[in-house]
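Peer 1: pasting the structure only:
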């Protein structure tokens with residue numbers, strides 16, 4: 001190789017390295033890095049969004065991997081001590097462990113592990129509605145996201161994030177029953193139950209859901225005051241419940257976001273808010 005050619009090739013590789021790519025194979029900087037890693041060196045993620053692992057489905061997955069191979073590598077991040085932290089793919093890791101395999105194919109990734117794990121599971125439709133709600137709440141608590149900011153991170157609308165988080169208002173026993181036996185109940189139905197502030201009415205509506213109740217039937221039952229014929233709450237009770245929901249929404253907005261939103265309020269909206277403020281003042285005496 002002549003010195004001129006040597007200098008030229010060196011410059012090409014230097015430029016490729018600066019871009020983070022690979023000049024020899026023509027790979028871009030964001031091409032995934034695939035490795036085969038010892039399973040013993042992979043640490044499981046304690047904040048994994050999926051909290052429930054069905055043993056029968058794990059054995060089915062293990063049989064599929066044994067027959068057809070691992071079709072999708074797990075996601076990991078490098079740790080300082082030479083180990084790897086599992087970001088996504090715990091079912092695949094568990095299935096390979098059941099098979100007695102010592103290694104697993106993995107893609108080394110960067111970024112926030114909680115966000116990556118949630119996004120990967122959402123893209124695979126791997127999480128039920130309650131698991132999604134818990135994962136959303138952990139990200140908000142850890143990073144201080146507003147509903148709008150979290151929506152941008154995971155590719156969902158602010159309204160969808162808010163509806164999903166509302167499921168955390170369901171009583172523990174309803175969530176437990178859903179996870180154990182009724183995961184086929186649509187998210188829209190769960191949201192209708194969660195939108196009720198009365199825990200007793202929530203339970204009655206949930207019993208109706210287990211009997212095959214639809215969104216339309218639940219809305220009619222809510223308007224009628226409950227499936228058991230409970231009288232509708234007084235207007236002031238409904239007003240207080242609405243104020244509580246507004247207060248929860250305000251809690252998710254930091255001061256800087258609040259200033260930005262204030263600047264976007266037009267004259268008609270401001271007048272309506274001022275009218276509501278006066279009415280609340282009169283109600284409180």
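Peer 2: Received the coordinates, thanks. Everything quoted here is computed from the prediction, not taken from an experiment.
Peer 1: what's the following helix or strand after the lowest-mean-pLDDT helix or strand in the chain?
Peer 2: Scoring the helices and strands of the chain by mean pLDDT, DSSP states H and E places helix 3-19 at the bottom, with a mean of 45. Sequence order places strand 33-38 as the next helix or strand after helix 3-19, per DSSP states H and E.
Peer 1: what lies in contact with the helix or strand just after that next one?
Peer 2: Counting by DSSP H and E, the next helix or strand C-terminal to strand 33-38 is strand 42-43. Contacts to strand 42-43, defined as Cβ atoms under 8 Å, 6 or more residues apart in numbering, come from residues 74, 76, 79, 83, 84, 85, 86, 93, 104, 106. Where you see a C-beta, it was placed from the backbone N, CA and C, and this is true even at glycine.
Peer 1: can you list contacts of the helix or strand where residue 217 lies?
Peer 2: Assigned by DSSP H and E, residue 217 belongs to helix 215-223. For helix 215-223, the surrounding residues in contact (Cβ under 8 Å, 6+ apart) are 186, 188-189, 192-193, 195-196, 201, 205, 208-209, 213, 227, 232.
Peer 1: quick one on the thing from earlier: just the buried ones among the contacts of strand 42-43, please.
Peer 2: Using 16 or more other Cβ atoms under 10 Å as the burial test, the contacts of strand 42-43 include 74, 76, 84, 86, 93, 104, 106 as buried.
Peer 1: just name the closest of the residues you listed to residue 56, please.
Peer 2: residue 93 (17.6 Å; Cβ to Cβ).
Peer 1: ok, the closest one touching residue 72?
Peer 2: No - counting by Cβ atoms under 8 Å, residue 72 is not a contact partner of residue 93; they are 11.8 Å apart.
Peer 1: what's the closest of the buried ones among the contacts of strand 42-43 to residue 136?
Peer 2: residue 86 (20.5 Å).
Peer 1: beta partners of that closest one?
Peer 2: On the basis of DSSP bridges, residue 86 is bridged to residue 76.
Peer 1: dump the residue contacts of it.
Peer 2: By Cβ under 8 Å, 6+ apart, the contact list for residue 86 reads 42, 43, 44, 45, 48, 74, 75, 76, 93.
Peer 1: quick one: least confident of these?
Peer 2: Within the contacts of residue 86, pLDDT reaches its minimum at residue 48, with 68.
Peer 1: what comes up buried for stretch 87-104?
Peer 2: Neighbour-count burial for stretch 87-104 flags 87-98, 104 (criterion: 16+ other Cβ under 10 Å).
Peer 1: among those residues, name the ones in strands.
Peer 2: Among the buried residues of stretch 87-104, the residues falling in strands (DSSP state E) are 87, 88, 104.
Peer 1: partners of the last one in the sheet?
Peer 2: For residue 104, the beta-bridge assignment (DSSP bridges) gives partners residue 37.
Peer 1: and the nearest residue to residue 183 once chain neighbours are set aside, how many residues sit next to it?
Peer 2: Closest residue to residue 183 apart from its sequence neighbours, by Cβ to Cβ, 6 or more residues apart in numbering: residue 128 at 5.0 Å. Using other Cβ atoms under 10 Å, residue 128 has 20 neighbouring residues.
Peer 1: same question, residue 71
Peer 2: Using other Cβ under 10 Å, residue 71 has 9 neighbouring residues.
Peer 1: what does residue 113 give?
Peer 2: Residues within reach of residue 113, counting by other Cβ under 10 Å, total 19.
Peer 1: repeat that for the one 3 residues further on.
Peer 2: Neighbour count of residue 116, defined by other Cβ under 10 Å: 17.
Peer 1: all the strands of the stretch 51-200 of the chain, residue numbers only.
Peer 2: 74-78, 84-88, 103-108 (DSSP state E, counting those that start in this stretch).
Peer 1: can I get the contacts of residue 86 in TSV with distance to residue 139?
Peer 2: Shown next, in TSV, are the contacts of residue 86 (distance: Cβ to Cβ, whole Å):
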residue	distance to residue 139
42	23
43	20
44	19
45	14
48	13
74	21
75	17
76	20
93	22
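Peer 1: nearest to residue 280, of those?
Peer 2: residue 48 (43.8 Å).
Peer 1: surely residue 108 touches residue 77?
Peer 2: Yes - using Cβ under 8 Å, residue 108 is in contact with residue 77, at 7.0 Å.
Peer 1: right, and residue 167 touches residue 127 too?
Peer 2: No - shown here, residue 167 and residue 127 do not form a contact pair, counting by Cβ under 8 Å, at 12.0 Å.
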